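Novice: Quick one: sequence and predicted model below, then my questions.
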Amino acid sequence: MSKPTLPQGTRDFSASVVRKRNYIFNTIRSVFEVYGFQPLETPAMENMETLMGKYGEEGDKLIFKILNNGLAEGATPEKALEKAARSRESFEKLLSGKNISDITERALRYDLTIPFARYVAMNHGQLTFPFKRYQIQPVWRADRPQRGRYREFYQCDADVVGSRSLLNEAELTGIYATTFTKLGVPVEIRINSRKILAALAELCGGSDKMVDITVAIDKLDKIGLEKVKAELAQRGLDENQINIIERYLLIAGSNTEKIEQLRALASNNATAAQGLEEINFVLNYQPEDAPLAEVVIDFTLARGLNYYTGIIFEVKAKGANMGSIGGGGRYDDLTGLFGVPNLPGVGISFGVDRIYDVMEELNLFPQEVEASTKVLFFNLGEAECAKAFQLAQELRARGISAELFHEQAKFDKQFKYAEKKGIQYVAILGSEELQNGTCKIKNQSTGEQNTVAQADIASQIQ
RNA sequence: GAGGGUAUAGCUCAGUUGGUUAGAGCGUCAGUUUGUGGCACUGAAGGCCGUGGGUUCGAGCCCCAUUAUCCUCCCCA
């Protein structure tokens, strides 16, 4: 019998990790709530056709598919054989990349946006627009695990659907800013507009080149200007076009400086002007009570998902070696994919698992997040134990977490248990205290110890 | 999908040109110590050296394969 293992890229979470993760979830959820978003949950699995083709060619490969049941079963042996034969045929088709619904018709959720779009398309008659929902659930991707990348991870999404107002973008920026400030994580919220990228493509003489251009410039941080230029040339852009892109990529400085430089470069392009207007609007609504979040323009920001049409977001933690910890943007017609056209939307996503890793790396979790049991009653004899049990119950009734040591044991052992579990107070109730109706309360961190009346224990440990 | 590293005690890791009975620190358990923990000391338990082949008189060490895991690229949260 070999040791049991976990599927690649999945994890168990022990008590302290769960507590810290919940701290992040609760912080994000509370911000979503105060901005007026409503919760939604969708199933772990969706129909295959709901997901396929929504994330690009690469994305389809990363979707976890669920094998159909009963691939070789039937009411009679003959039918079972027939079914098995059909399954074999379908499997051949699957291998050659054709119709696969005979083999797999369900798949695990890949993100929260597409299931949300599916939900809105199914329920648009009942919803009040603009519809603001948030969703905190795990998603699954058949990616190769590595640092900051898991096969099962949580996303926390907030989307507004049914409104073209840029106020939504401003509010979502505010959600990012307040959440990361509450969590104590210094971040850069990078924004750009797909319209700016479209304008760049227009300036280079072909909107059809937009994908080529964005794919190449998105790599600027990683491979450098020269290699980006080489890649552009390889993708069929001429010297003049590459020249314009180079000037575009060299835009730098403060937000206002960047805007000026872009204006100079794209002075008479209407699409660029629209994009700049969007960016300006969002910048003018920067929240003032969120000092840890800095909103910066990043004209090289492109983002892969091809359904974005307006403002796009990406969040990077400052001082941590980690990819983006959040992202999102505006999509003009997401539900169109599901037969309900003309419903625009905009949304953002938090990557909790990466936020956790960053907070762990930068040591940002407040100590009290890990607090468990508040007080441990020592077990010092039969009668003492009975009294301690009663006192523990009284504390529990008042919402104070209390434990009674499970057996009579030496002080040493009971103290060590309290220490290891990080229990803040121990309550010592021995024969003497039992007789006097008192109890000794010791603060584990300071070593301070007081004898108090049994009725006063709760107030003593608050 | 492409490339690289690692695999030895519960955990982190040593292990000499290939040579007798594979080590350390931490952790665990027990004792010093049955009314005051964290410290110290003493002792104990705990290993098919990832798995399968091969080379050799002899393999934890060399070779091949395989699996797992970590990292990089692609892409992403």
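Specialist: That came through fine.

Novice: Pick out the residue nearest the middle of chain A.
Specialist: Closest to where the C-alpha atoms of chain A average out (C-alpha atoms, centre = their mean) is A:Gly351, at 2.4 Å.

Novice: now that residue: how far from A:Lys374?
Specialist: 33 Å (C-beta to C-beta, to the nearest Å). Where you see a C-beta, it was placed from the backbone N, CA and C, and this is true even at glycine.

Novice: Repeat that for A:Phe13.
Specialist: 22 Å.

Novice: So these two - more neighbours on which side?
Specialist: A:Lys374 (17 against 12; other C-beta atoms under 10 Å).

Novice: check contacts around the more buried one.
Specialist: Listed by C-beta atoms under 8 Å, 6 or more residues apart in numbering, the contact set of A:Lys374 reads A:395, A:400-402, A:423-425, A:461.

Novice: Also A:Asn68?
Specialist: A:102-106 are the contacts of A:Asn68 under C-beta under 8 Å, 6+ apart.

Novice: Dump those residues to a markdown table, plus neighbour count and secondary structure.
Specialist: Compiled in a markdown table, those are given as follows (neighbours: other C-beta atoms under 10 Å; DSSP: H, G, I helix; E, B strand; the rest coil):
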| residue | neighbour count | secondary structure |
| --- | --- | --- |
| A:Asp102 | 16 | coil |
| A:Ile103 | 17 | coil |
| A:Thr104 | 17 | coil |
| A:Glu105 | 15 | coil |
| A:Arg106 | 18 | strand |
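
Novice: quick check, nearest of those to RNA strand B?
Specialist: Nearest to RNA strand B among these is A:Thr104, at 16.4 Å by C-beta to the nearest atom of the strand.

Novice: Which positions are bridged to the nearest residue to that closest one once chain neighbours are set aside in the beta structure?
Specialist: Nearest residue to A:Thr104 in three dimensions, chain neighbours excluded: A:Lys65, at 4.3 Å (C-beta to C-beta, 6 or more residues apart in numbering). For A:Lys65, the beta-bridge assignment (DSSP bridges) gives partners A:Ala107.

Novice: pretty sure A:Lys65 contacts A:Met48?
Specialist: Yes: the criterion here is C-beta atoms under 8 Å, and A:Lys65 meets it with A:Met48 at 7.1 Å.

Novice: any shared contact partners between those two?
Specialist: Contacts common to A:Lys65 and A:Met48, judged by C-beta under 8 Å, 6+ apart, are A:100, A:104, A:106-107.

Novice: min pLDDT across these, which one?
Specialist: Lowest pLDDT among the shared contacts of A:Lys65 and A:Met48: A:Ile100, with 70.

Novice: what's near enough to touch that residue?
Specialist: Counting by C-beta under 8 Å, 6+ apart, A:Ile100 has contacts A:48, A:65, A:90, A:93-94.

Novice: Next, count neighbours for whatever residue of the stretch 1-150 of chain A ends up closest to RNA strand B.
Specialist: Nearest to RNA strand B, among the residues of the stretch 1-150 of chain A, is A:Arg147, at 3.0 Å (C-beta to the nearest atom of the strand). Number of residues near A:Arg147 (other C-beta under 10 Å) recorded here: 9.

Novice: ok, it - contacts?
Specialist: Contacts of A:Arg147 (C-beta under 8 Å, 6+ apart): A:321-322.

Novice: Local confidence estimate at it?
Specialist: So, for A:Arg147, pLDDT stands at 87.

Novice: One more: A:Lys3?
Specialist: So A:Lys3 comes in at 67 (pLDDT).

Novice: What residues does the stretch 151-300 of chain A have near RNA strand B?
Specialist: Within reach of RNA strand B by C-beta under 7 Å from any atom of the strand, the stretch 151-300 of chain A has these residues: A:151, A:153, A:155, A:215, A:218-219, A:222-223.

Novice: scratch that, the stretch 301-450 of chain A is what I was asking about
Specialist: Within the stretch 301-450 of chain A, the residues that sit near RNA strand B (C-beta under 7 Å from any atom of the strand) are A:303-305, A:315, A:323-327, A:349-351, A:353-354, A:380, A:410-413, A:415-416, A:418-420, A:428, A:430-433, A:440, A:442, A:444-445, A:447, A:449.

Novice: Let's see which of the residues you listed end up in strands.
Specialist: Those of these mapping onto strands are A:315, A:326-327, A:349-351, A:428, A:440, A:442, A:449, per DSSP state E.

Novice: By neighbour count, which of these wins?
Specialist: A:Phe350 (30 neighbours).

Novice: Identify the residue spatially nearest to that one, adjacent ones excluded.
Specialist: A:Phe350's closest residue in space is A:Cys156 (C-beta to C-beta, 6+ apart), at 4.1 Å.

Novice: Using the three-state scheme, assign the one you found.
Specialist: Using DSSP: H, G, I helix; E, B strand; the rest coil as the criterion, the local structure at A:Cys156 reads strand.
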